[in-house]
Each structure stands twice: as C-alpha cells, then as structure tokens.
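J.: structure, please.
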Amino acid sequence: MRIAKKYSDLIAWQKAMDLVAVVYQLTAEFPKAEVYGLTSQLRRAAVSVPSNIAEGYARSGRREFAHALSIALGSLAEVETQILIAERLGYLAADSRANLLELSAEAAPCL
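T.: Okay, here's the model as predicted:
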C-alpha cells in the first residue's frame, strides 16, 4: 500500500526540492574557482536527496524504499556539512547558512 499516489506528493520530496532550489540560487554566488569544487559537490549532494526519494518510491518494496530514504538522509548530512564548510570559507553569510540548515531540518524528519 502506497503512502502517496506519486513521489511528488511526499512531503520529504517537496522539502528536498525546496532545498535544491535554494542551494542552486546561493551557490551561483560562490567564487568561479569553486565551480568544479564545492559548488558542484554541494549541488550534486542536494540533488541526490529528492532523486533518491523518487527512485526509492518507484521501486516495488518497502525495504528498497527504506534503503533509498537512508541514502537520501546520508546525502542530506553531506549537504549540511558542505553548507558549514561554505560558511567557514566565507562563501555563505550566516543568515543564508541558517536558511539552508532550516530547510534541511524540515526535510530530515520526513525521511
């Protein structure tokens, strides 16, 4: 029995998509020297969260879905770490960091 008709109905997926949008907006302001470094890494990790939720939902069993959610949660921790790194390097202001971590925290309990 499905908890939602489609993966895009899942709150976790919706919150993760919000996080991706903000990550892309804020990383557009990172130094060009980081385009293949932290910018790329943070974007890929953020995109991985809703992607794994969608993939897991599309699989047939609850165990596979649970595994995909576990991977998404790991990617979320990766995003949080990279956000903190970006702040330490001076690429993110404290308010931007707080906003991103709040979005991440909103997605985490849903996973």
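J.: starting at the chain centroid, how far to the host helix or strand of Arg63?
T.: Assigned by DSSP states H and E, Arg63 belongs to helix 62-88. Helix 62-88 has its C-alpha centroid displaced from the chain centroid by 7 Å (C-alpha atoms, centre = their mean, to the nearest Å).
J.: what packs against that helix?
T.: helix 11-27, helix 38-58, helix 94-107 (3 or more C-beta pairs under 8 Å, 6 or more residues apart in numbering; DSSP states H and E). Placement of C-beta: from N, CA and C, glycine included.
J.: which of those sits closest to Lys5?
T.: helix 38-58 (10.4 Å; C-beta to C-beta).
J.: what is the closest one packed up against?
T.: Partner elements for helix 38-58 (3+ C-beta pairs under 8 Å, 6+ apart): helix 11-27, helix 62-88.
J.: want to throw the ones you listed into a markdown table with mean pLDDT and distance to Ala45?
T.: Shown next, in a markdown table, are the helices and strands packed on helix 38-58 (pLDDT from 0 to 100; distance: least, C-beta to C-beta, whole Å):
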| stretch | mean pLDDT | distance to Ala45 |
| --- | --- | --- |
| helix 11-27 | 96 | 9 |
| helix 62-88 | 96 | 4 |
